[in-house]
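Visitor: Provide a 3D model corresponding to the input given below.
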Amino acid sequence: MDVDARTNRTRSGMPLDAVYGPAPTPAADEQPGAYPFTRGPYASMYRGRLWTMRQFAGYGTPAETNERFRLLLERGQTGLSVAFDMPTLMGLDPDDPRSEGEVGRCGVAVATLDDAATLFDGIALDEVTVSMTINGPAAWIFACYLAVAERQGVSRERLGGTLQTDIFKEYTAQKEWLFPPRPHLRLIGDLLAFCARETPRYHPISVSGYHIREAGSTAVQELAFTLADGFAYVELGRERGLDVDAFAPRLSFFFDAHIDLFEEIAKFRAARRIWARWLHDRYGATTPEAQRLRFHTQTAGVSLTAQQPMNNVVRTAIEALAAVLGGTQSLHTNALDEVLALPTEEAATLALRTQQIIAHETGIPAVADPLGGSYLVEALTDEIEREAEALFAEIDGLGAGSILEGVLRGVESGWFTQRIAEAAFDEQRRFESGDLVQVGVNAFEEADEPPLEILQISMATEQTQRGAIERIRAERDGAAADGALVALVDAAEDPGAELIEPLVACARARCTGGEVTRALQGVFGTWRETPAF
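Guide: Numbers count the residues shown, from 1 in each chain. The predicted structure follows:
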């Protein structure tokens, strides 16, 4: 295809000039590690410390995933990132009829403290940071993690890592929730308060734009909706009486690195600048730690193709490059076969090697913000910031001057869902017209491609987990489990009570995730979203 025949826009639709000149240069005093952190959160950046190489892993039984974790750590991975299966994400036990056919399929099955203990067996939780991508039942899984640390003799203040917990993006994009939005915010407020006191090295919320982008948003929408969610959590913390300078440093972010190289780099730079200015100007944060946005990045799952899957290695390498040039603190690189199934051991290793080559062979980590001052990157950074601020104004208007209330009303009315759907529809039209090209899909196709060997999860996994949970219910102290659940319900019914310690007590009593979910739904209720077309 002739490049000149295509519309000259970024993937998100922003127009591109044929050439950029010297007008939009960075301010002379803008340096990495200095407010507003456009050029990076730390002065030394990767000279001081490389980004954490954190491959998303989890499948089958906890024992199988534990084996994969150990393998990745042996091969140089520096942090664990846990993928949970659909029943776990939805607060269901493996023997729930709704779990049939899904146990261990898209991640690891974790329903009890016993499962969590097996998952981290032989892994020192005070030495390895653990990221857990879960939202609806996040507080429950975190309680199990705390109980495992107790078994290992690891004190809470030594635990490091990230819990996703971003329920707003579930209502907006991924659609895995357990309770209505407003009561769920109580759980998140409890987590913020608990972690500020008990786990100062652990990040209780990873505000996630990744799933917003994967649902079809533009780069600007991903940035704006994610930061708006972050501002909402800041307002929630302030409502709970927390000092913004104390708890804001415990908020982290999670972005998508898509295939449009320069747009993505600019997106990351704009995110840091916006967060710093809003925290300083609107929320009164006075310390660099509170103003400094840190984020994890994952390469774009939606950019991967089932056709010509080896091309995905190239796509992932370019997207990982965008994340590093954009200053990420942590990175997951997708495996070439993830569009078809959970990655094989070979594919996961190649994805990790992609990061290691960027880190150790390219020379890129030697310089902070190496594209700072690029006419194109600076212009895109400014334009993304302008467009994001316009979306913030709309959200602020929905909430009558409160971003928290604006996000809640946007969720409840379907406003976010509709905006993302419109963006996804526009991109699909561009794809069908040939304005957007995907090699091997709508251009440069090949017939008779050889099949790719993929990881298969057998039904034996489901049978194993069903048997395990039945044994736990038979072996545990039933009175202790029932008592812990009653105490949890009592705490949920008391608006002044915090829920994290009662959840830890449920974990110690070997309650199941399904039992905990049903107990809290009995108090909080369930929720059905407003359709938006």
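
Visitor: now the helix or strand hosting Ala63: mean pLDDT?
Guide: In this structure, Ala63 sits in helix 62-74 according to DSSP states H and E. Mean pLDDT, helix 62-74: 90.

Visitor: again, but for stretch 264-277
Guide: What stretch 264-277 shows for mean pLDDT is 98.

Visitor: export the longest helix anywhere in the chain to CSV, keeping only CA atoms.
Guide: Longest helix of the chain, by residue count under DSSP state H: helix 375-398. Taking C-alpha atoms only, helix 375-398 is exported to CSV below (Å, rounded to 0.1, in the frame of the first residue of the first chain):
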residue,chain,number,x,y,z
TYR,A,375,9.7,18.7,17.7
LEU,A,376,7.2,15.9,17.0
VAL,A,377,7.1,14.4,20.6
GLU,A,378,6.9,17.8,22.3
ALA,A,379,4.0,18.9,20.0
LEU,A,380,2.1,15.6,20.6
THR,A,381,2.7,15.9,24.3
ASP,A,382,1.1,19.4,24.3
GLU,A,383,-1.8,18.3,22.1
ILE,A,384,-2.6,15.3,24.2
GLU,A,385,-2.6,17.4,27.3
ARG,A,386,-4.9,19.9,25.8
GLU,A,387,-7.4,17.3,24.7
ALA,A,388,-7.2,15.5,28.0
GLU,A,389,-8.0,18.7,29.9
ALA,A,390,-11.1,19.2,27.8
LEU,A,391,-12.3,15.7,28.9
PHE,A,392,-11.5,16.5,32.5
ALA,A,393,-13.7,19.6,32.2
GLU,A,394,-16.6,17.5,31.1
ILE,A,395,-16.2,15.0,33.9
ASP,A,396,-15.9,17.8,36.4
GLY,A,397,-19.1,19.2,35.0
LEU,A,398,-20.9,15.9,35.5
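
Visitor: pull out the buried positions in it.
Guide: 376-385, 387-388, 391-392, 395-396, 398 (16 or more other Cβ atoms under 10 Å). Glycine gets a C-beta too; all of them are placed from N, C-alpha and C.

Visitor: flag every buried residue along the lengthiest strand in the chain.
Guide: Looking across the chain with DSSP state E, the single longest strand is strand 251-257. By neighbour count on 16+ other Cβ under 10 Å, the buried set for strand 251-257 is 251-257.

Visitor: helix or strand right after that strand?
Guide: helix 261-281.

Visitor: can you map out the strands along the protein?
Guide: Using DSSP E, strands in the chain cover 52-53, 56-57, 79-83, 129-133, 161-163, 202-203, 205-208, 251-257, 295-299, 330-332.

Visitor: and the angle for the helix holding Ala63 with strand 129-133?
Guide: 130 degrees (axes from the mean of the first three to the mean of the last three Cα atoms, to 10 degrees).

Visitor: how far off centre is helix 62-74?
Guide: Once both centres are worked out by Cα atoms, centre = their mean, to the nearest Å, helix 62-74 turns out to sit 21 Å from its chain's centre.

Visitor: likewise stretch 391-399?
Guide: Relative to its parent chain, stretch 391-399 has a centroid offset of 24 Å by Cα atoms, centre = their mean.

Visitor: mean confidence for that stretch?
Guide: For stretch 391-399, the mean pLDDT works out to 98.

Visitor: other residues contacting it?
Guide: Outside stretch 391-399, the residues that touch it by Cβ atoms under 8 Å, 6 or more residues apart in numbering are 220-221, 224-225, 227-228, 231, 402-403, 405-410, 413, 415.

Visitor: ok, of those residues, which come out buried?
Guide: 220-221, 224-225, 227-228, 231, 402-403, 405-410, 415.

Visitor: if we can go back for a sec, what helices and strands are in contact with the longest strand of the chain?
Guide: strand 205-208, helix 210-214, helix 219-239, helix 261-281, strand 295-299, helix 311-325 (3 or more Cβ pairs under 8 Å, 6 or more residues apart in numbering; DSSP states H and E).

Visitor: if you set the cut-off to 6 Å instead, what comes out?
Guide: Here strand 251-257 touches strand 205-208, helix 210-214, strand 295-299, helix 311-325, going by 3 or more Cβ pairs under 6 Å, 6 or more residues apart in numbering; DSSP states H and E.

Visitor: may I have it as PDB, with CA atoms only?
Guide: Below are the C-alpha coordinates for strand 251-257, written out as PDB (Å, rounded to 0.1, in the frame of the first residue of the first chain):
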ATOM      1  CA  LEU A 251      -1.100   5.300  44.000                       C
ATOM      2  CA  SER A 252       0.400   3.800  40.900                       C
ATOM      3  CA  PHE A 253      -0.800   3.600  37.300                       C
ATOM      4  CA  PHE A 254      -1.000   1.100  34.600                       C
ATOM      5  CA  PHE A 255      -1.000   2.100  30.900                       C
ATOM      6  CA  ASP A 256      -1.200   0.400  27.500                       C
ATOM      7  CA  ALA A 257       1.700   0.700  25.100                       C
END
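
Visitor: report how many residues lie close to Met132.
Guide: The burial count assigned to Met132 is 23, neighbours taken as other Cβ atoms under 10 Å.

Visitor: so who does it touch?
Guide: 82, 141, 163 (Cβ atoms under 6 Å, 6 or more residues apart in numbering).

Visitor: any chance of CSV for those, columns pLDDT?
Guide: Shown next, in CSV, are the contacts of Met132 (pLDDT from 0 to 100):
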residue, pLDDT
Val82, 92
Ile141, 97
Leu163, 93
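
Visitor: if you rank those residues by neighbours, which is first?
Guide: Ile141 (28 neighbours).
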